[in-house]
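okay, structure incoming, though there's no sequence with it:
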Ligand SMILES: [Zn+2]
Ligand SMILES: [Zn+2]
């Protein structure tokens, strides 16, 4: 079984604990729309990963089997320890270039779009890492680290980073200078001039100190989270495509042939001179940063929260099935269709919380479709998605106009 399935309940228990600690400290660290967007992006990433990992992990296996210089054993402890350290080192470069090269940023940006910083932000992961991320781990395959070792240390590195996404743990002294920690990772998510593109380390922050990208958190410069070009949307599909679309647009429109390629390889924010001259970039002003927070009515918040829990449960079910078909009585739902339904429903829910055009009908239609495989088994259970579909049609998400900004 996919180990993430076991980790999901732990994620939610720790998020509840974080919420309770913050609540006791009279802090508000979670906003519903942002949480739905962040955790939804995690679900989309995991569900799509069932299919895309075949590409990135498949390449690793191919290289390890056919091009490896050595054959390292899986039953020697030092293979696991050096594997983890080497992976963390390669992760540092993967993550660093994820910020320094536009094509890689297009994938990684998803993790940074949240303007909050909480354990939910940790789950906010890209769905397109498979496109180019595998390149960084080829050296590990060439050295002969077995695919099993690679898969396990990659999982350890990822899971380690969960707990460092919180404002509820302060400075930890020497720990902050050796390991990735809540304090130094808050810095990583900052758009403050001083904090931009710092602290890339996954487990060890020593890499940043070695390669000159370390920055300490400072009380006189509180971290402002997010990206300098805010997404301003809860739509998980658009969140994944945002930067690719902007790069493709620039690449298409610029006149010079070399610039059409440069757009993808330059640091994020670079624009071809002809386009930059036509559309001068706005100066970034940290004091003008406002969180994207379209207000929801109470009924809409309850509805969205309930539907979201159900969709996360369905996403977990898809992961538990490992992409296999869902069989209920005489009805067999192909695994890929079930996975697509979860992704599309999260997409529709995100758009619904923003009152985007057509999102009511889309969400209602997707929910109604979910009652079909439930119907023969349990009439009562099949009524639930129908009731939720009616909710999508009748509950107005909010009365205000679309796309407006609200301060917290
Ligand atoms: Zn990053
Ligand atoms: Zn992070």
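Happy to help now that I have it. Treat the numbers as computed from the prediction; the structure is a model and nothing was measured. Numbers count the residues shown, from 1 in each chain. Ligands and ions are numbered 1, 2, ... in the order given.

how about the helices in the stretch 51-200 of the chain?
Under the criterion DSSP state H, counting those that start in this stretch, helices of the stretch 51-200 of the chain are mapped to 77-100, 102-112, 119-123, 138-142, 147-160, 175-178, 182-188.

export these to TSV and append columns for mean pLDDT, mean neighbour count and distance to residue 388.
C-betas here are computed from N, CA, C, even on glycine. Formatted as TSV, these follow (pLDDT from 0 to 100; neighbours: other CB atoms under 10 Å; distance: least, CB to CB, whole Å):
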stretch	mean pLDDT	mean neighbour count	distance to residue 388
helix 77-100	98	18	37
helix 102-112	97	23	27
helix 119-123	97	25	22
helix 138-142	97	18	45
helix 147-160	97	17	32
helix 175-178	97	16	45
helix 182-188	98	24	36
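
Three-state assignment for residue 230, please.
coil (DSSP: H, G, I helix; E, B strand; the rest coil).

in contact with the closest residue to it other than its chain neighbours, which residues?
Nearest non-adjacent residue to residue 230, counting by CB to CB, 6 or more residues apart in numbering: residue 292, 6.2 Å away. Contacts for residue 292 (CB atoms under 8 Å, 6 or more residues apart in numbering) come out as 33, 34, 115, 230, 231, 232, 233, 405.

does residue 300 touch residue 395 like I think?
Yes - Residue 300 lies in contact with residue 395 (CB atoms under 8 Å); the separation is 5.3 Å.

how much space is there between the residue nearest to residue 230 and residue 140?
According to CB to CB, to the nearest Å, residue 292 and residue 140 sit 38 Å apart.

what does residue 202 give?
Residue 202 is 14 Å from residue 140, by CB to CB.

export the helices of the stretch 51-200 of the chain to CSV and append columns for distance to residue 287.
As requested, these are exported to CSV (distance: least, CB to CB, whole Å):
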stretch, distance to residue 287
helix 77-100, 23
helix 102-112, 20
helix 119-123, 23
helix 138-142, 44
helix 147-160, 34
helix 175-178, 27
helix 182-188, 19
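
tell me the contacts of residue 41?
Contacts of residue 41 by CB under 8 Å, 6+ apart are 110, 123, 124, 125, 126, 127, 236, 239, 240.

helix or strand: which one has it?
In the assignment (DSSP states H and E), residue 41 maps to helix 32-66.

tell me the buried residues in that helix?
32-50, 53, 56-57, 59-60, 63-64 (16 or more other CB atoms under 10 Å).

same check on stretch 275-291?
Buried-residue list, stretch 275-291, by 16+ other CB under 10 Å: residue 291.

and the end-to-end length of it?
End-to-end span of stretch 275-291 (CA to CA, to the nearest Å): 28 Å.

give me the below-cutoff pLDDT ranges for the protein.
Within the chain, the stretches with pLDDT under 70 are 399-408.

tell me which residue lies nearest the centroid of it.
residue 125 (1.7 Å; CA atoms, centre = their mean).

what's stretch 231-247 in contact with?
33-34, 36-37, 40-41, 44, 102-103, 105-106, 109-110, 113, 126-128, 263-264, 268, 292, 294, 343, 346-347, 350-351, 353-354, 356, 403, 405.

report the buried residues of that stretch.
Those would be 231-237, 239-244, 246-247, for stretch 231-247 by 16+ other CB under 10 Å.

same check on stretch 388-396?
Applying a neighbour-count criterion of 16+ other CB under 10 Å, one finds 388, 389, 391, 392, 395 buried in stretch 388-396.

any chance of those in a markdown table, with secondary structure too?
Output for the buried residues of stretch 388-396, formatted as a markdown table (three-state DSSP):
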| residue | secondary structure |
| --- | --- |
| 388 | helix |
| 389 | helix |
| 391 | helix |
| 392 | helix |
| 395 | coil |
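
now flag whichever of these is closest to residue 322.
Nearest to residue 322, judged by CB to CB, of the buried residues of stretch 388-396 is residue 388 at 26.4 Å.

was I right to think that closest one contacts residue 367?
Yes - checked against CB under 8 Å, the pair residue 388 and residue 367 is within contact range at 4.8 Å.

any shared contact partners between these two?
Contacts common to residue 388 and residue 367, judged by CB under 8 Å, 6+ apart, are residue 307.

mind checking how far the residue nearest to residue 27 when sequence neighbours are not counted is from residue 217?
Once flanking residues are discounted, residue 27 sits nearest to residue 167: 7.5 Å by CB to CB, 6+ apart. For residue 167, the distance to residue 217 (CB to CB) stands at 11 Å.

same question for residue 2.
Residue 2 is 35 Å from residue 217, by CB to CB.

please identify which of those two sits among more neighbours.
residue 217 (22 against 17; other CB atoms under 10 Å).

nearest to residue 96, of the contacts of residue 41?
Using CB to CB, those come closest to residue 96 at residue 126, 15.6 Å.

can you list the domains in this structure?
Domain ranges of the chain: 3-172, 236-288, 298-394, per automatic domain parsing.

adding distance to residue 187, write these out as JSON lines.
Below are those laid out as JSON lines (distance: least, CB to CB, whole Å):
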{"stretch": "domain 3-172", "distance to residue 187": "11"}
{"stretch": "domain 236-288", "distance to residue 187": "14"}
{"stretch": "domain 298-394", "distance to residue 187": "28"}
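
let me know which of those is the nearest to residue 192.
When the domains of the chain are ranked by proximity to residue 192 (CB to CB), domain 236-288 comes first, at 6.3 Å.

tell me how far the closest one lies from the chain's centre.
How far domain 236-288 lies from its chain's middle: 22 Å, per CA atoms, centre = their mean, to the nearest Å.

straight-line length of it, end to end?
25 Å.
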